[in-house]
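Enquirer: This is the structure alone, sequence omitted:
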DNA sequence: CGACAACTTGAAGAACCTCAACCCTTGTGG
DNA sequence: CCACAAGGGTTGAGGTTCTTCAAGTTGTCG
């Protein structure tokens, strides 16, 4: 049942036994409404969640209330696996859409990694994939202009969704508002709007009512300086 | 021999046996000159390095040759432990000063984590600390202005050096050039110079010839919106 | 002392932000 | 079915921040 969700975050294969043990360890399938804090920062965490449906984000709020997204999570992501070694998160985890997750208690994770060292390795790998994406976001914010940042967000998300079968490479659902894109890219909502118009008018990509339509993938990647190597894709 | 270096990146304690095994696993103590690429991106990596002396960085270069630092490493950091699960790095690792490192082969790491599950956990934790710092850098770049970014870099580095006994809280060695600070903060060297003058003239912090002198720590933290929680400090 | 690299400063312009108004869509109650 | 409210999206004008380019100045090392 979980197998198809794990395609985007694997280093090598999972055995049938490992997969079965993972599925047997699921504490519960849980649903949350959109726009809700799922895991607050600074509080002891006892579970981890594998995202099955919907979009989630991790974010930090600044002193003036301005929000910075630090990650966008798509189905297949082990959203807060970081909380297992860390125990307390330095950031909030929230839902952007209604979401469905498979919840695991930390005790269950503990048992799994003792019994299946390969699963431990896979989980470590998964969290380091998050770290690699963090680094790419640092690069995006530090070295790209506003339109490059938005292009990069689209390019990365398209590539990640394609890994789990949620994009065919031309258009995909990205149920965010312009202000969410602004929060991810370190720019204002107003400027995000202008950037989107610019990308649209130059026939690179359009974003409207939660759908991204890529008109020129090569140009999108060029403007984003995007190379998918950091995602360690298994499907190429 | 390694013990004093590990103070900043521990979750709980290491037993004498674990420490001894770690020390026995050191492949070699290696020195590198300043300003050298130590681990290039995209190439299979077979070893990891624990930084003993000097400063190292991880960075990515953009299409126009502009460099973005994604991490600054201080003594005690397991610099490229990410390469163990990832096998290939998405970024370069380089020395800023002459450095001395303890090198471990991946095979040695493999043996260690099989025999000492607690070491495996510590190593996972260490890489997630890097991820937490990455998130903070994302916040810094996305939500702070130029002087806040520089202040944040100084605040974070001071706190980390204090954890390993290399800062007393008032002044510390940070052997970087203004252009390195620029690379870390996503601003130009020229603007970095103006920001440093501003911080100096407002009696917050000075930076001169590789030394940071903190004049008003509270104000530095305020401007950086700095809270050390994400470093999971064990010394408070 | 001379050469070189790093640092410093000024001036002009580009990128992005702020503020304020308006538009368009969607949902709701009469 | 219409009126209207609310939230998100769009546009314009003007200001701030940061960049770019170019010209010094300072410090270091042979």
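Expert: Structure's in. What do you need? All figures in this text were calculated on a predicted structure; none of them were measured in a lab.
Enquirer: Tell me which residues of the worst-scoring helix or strand of chain A on mean pLDDT come out buried.
Expert: Using mean pLDDT, DSSP states H and E, helix A:16-24 stands out as the lowest-scoring helix or strand of chain A, at a mean of 91. Using 16 or more other C-beta atoms under 10 Å in any protein chain shown as the test for burial, helix A:16-24 gives A:18-19, A:21-22. Any C-beta I mention is one placed from the backbone N, CA and C, and that applies to glycine too.
Enquirer: and if you look at stretch A:47-60?
Expert: Of all the residues in stretch A:47-60, those buried under the rule 16+ other C-beta under 10 Å are A:47-52, A:54-60.
Enquirer: Return only those of the residues you listed found close to chain B.
Expert: A:58, A:60 (C-beta under 8 Å from any C-beta of the partner chain).
Enquirer: Export the buried residues of stretch A:47-60 to JSON lines and append columns for secondary structure, pLDDT and distance to DNA strand C.
Expert: Converted to JSON lines, those look like this (DSSP: H, G, I helix; E, B strand; the rest coil; pLDDT from 0 to 100; distance: C-beta to the nearest atom of the strand, whole Å):
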{"residue": "A:47", "secondary structure": "strand", "pLDDT": "96", "distance to DNA strand C": "33"}
{"residue": "A:48", "secondary structure": "strand", "pLDDT": "96", "distance to DNA strand C": "33"}
{"residue": "A:49", "secondary structure": "strand", "pLDDT": "96", "distance to DNA strand C": "28"}
{"residue": "A:50", "secondary structure": "strand", "pLDDT": "96", "distance to DNA strand C": "30"}
{"residue": "A:51", "secondary structure": "strand", "pLDDT": "96", "distance to DNA strand C": "25"}
{"residue": "A:52", "secondary structure": "strand", "pLDDT": "95", "distance to DNA strand C": "24"}
{"residue": "A:54", "secondary structure": "coil", "pLDDT": "96", "distance to DNA strand C": "18"}
{"residue": "A:55", "secondary structure": "coil", "pLDDT": "97", "distance to DNA strand C": "19"}
{"residue": "A:56", "secondary structure": "strand", "pLDDT": "97", "distance to DNA strand C": "22"}
{"residue": "A:57", "secondary structure": "strand", "pLDDT": "97", "distance to DNA strand C": "19"}
{"residue": "A:58", "secondary structure": "strand", "pLDDT": "98", "distance to DNA strand C": "21"}
{"residue": "A:59", "secondary structure": "strand", "pLDDT": "97", "distance to DNA strand C": "17"}
{"residue": "A:60", "secondary structure": "strand", "pLDDT": "97", "distance to DNA strand C": "17"}
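Enquirer: biggest separation within the buried residues of stretch A:47-60, which pair?
Expert: Spanning the widest gap among the buried residues of stretch A:47-60 are A:52 and A:60, at 25.2 Å by C-beta to C-beta.
Enquirer: what angle separates the helix ranked longest in chain A from helix B:117-143?
Expert: Counting residues, the longest helix found in chain A (DSSP state H) is helix A:117-143. Orientation of helix A:117-143 against helix B:117-143 (axes from the mean of the first three to the mean of the last three C-alpha atoms, to 10 degrees) gives an angle of 20 degrees.
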